[in-house]
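A.B. asks: here is a sequence together with a model predicted from it:
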Amino acid sequence: MDIISAIVAINPDAQVTVNGNDYDKIIWGETEVISKVDIQAKVEELKSAYNALEYSRKRKAEYPSIEDLMVALAEKEEGDSTMWDEVTIKRQAIKLKYPKS
């Protein structure tokens with residue numbers, strides 16, 4: 001997470017420029033200045049929120065594709081649940097591999 005992301009999270013209408021993601025190189029437009037301490041706290045908050053969802057990103061990378069799910073569901077509706085059962089088992093294994101924290 002960078003300084004701009006933190007500033008915008010605090011004030012979505014902020015008019016600001018940051019050179020090199022450096023707290024000492026923040027150039028404020030016609031926006032109320034946000035303290036360095038508040039920006040740093042927001043950066044840490046955003047990092048924590050991002051890190052808390054790491055399991056979700058890892059799961060998504062390994063889950064079956066939407067196309068596979070649609071085919072499996074269609075086949076199940078036609079009476080053959082083989083692929084659906086395989087997809088369900090794979091999803092359960094991935095959830096165990098990457099549990100919610």
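C.D. replies: Yes, it's here.
A.B. asks: can we go C-alpha only for contacts and neighbour counts from here?
C.D. replies: OK.
A.B. asks: what ranges do the helices span in this structure?
C.D. replies: For the chain, applying DSSP state H gives helices covering 3-10, 36-52, 54-62, 66-77, 82-97.
A.B. asks: got those helices as JSON lines, with mean neighbour count, distance to D24 and mean pLDDT columns?
C.D. replies: As requested, the helices of the chain are exported to JSON lines (neighbours: other Cα atoms under 10 Å; distance: least, Cα to Cα, whole Å; pLDDT from 0 to 100):
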{"stretch": "helix 3-10", "mean neighbour count": "18", "distance to D24": "11", "mean pLDDT": "96"}
{"stretch": "helix 36-52", "mean neighbour count": "15", "distance to D24": "9", "mean pLDDT": "96"}
{"stretch": "helix 54-62", "mean neighbour count": "14", "distance to D24": "31", "mean pLDDT": "96"}
{"stretch": "helix 66-77", "mean neighbour count": "14", "distance to D24": "46", "mean pLDDT": "97"}
{"stretch": "helix 82-97", "mean neighbour count": "15", "distance to D24": "42", "mean pLDDT": "97"}
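A.B. asks: tabulate those in TSV, adding columns for distance to I26.
C.D. replies: Listed next are the helices of the chain as TSV, based on distance: least, Cα to Cα, whole Å:
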stretch	distance to I26
helix 3-10	9
helix 36-52	10
helix 54-62	30
helix 66-77	43
helix 82-97	42
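A.B. asks: please name whichever of the ones you listed is nearest to G20.
C.D. replies: Judged by Cα to Cα, the one of the helices of the chain that comes nearest to G20 is helix 3-10, at 9.6 Å.
A.B. asks: what's the angle from the closest one to helix 36-52?
C.D. replies: Taking axes from the mean of the first three to the mean of the last three Cα atoms, to 10 degrees, helix 3-10 and helix 36-52 form an angle of 90 degrees between their directions.
A.B. asks: which residues sit against helix 3-10?
C.D. replies: Helix 3-10 is contacted from outside by 14, 16-18, 21-23, 34, 39-40, 42-43, 46, using Cα atoms under 8 Å, 6 or more residues apart in numbering.
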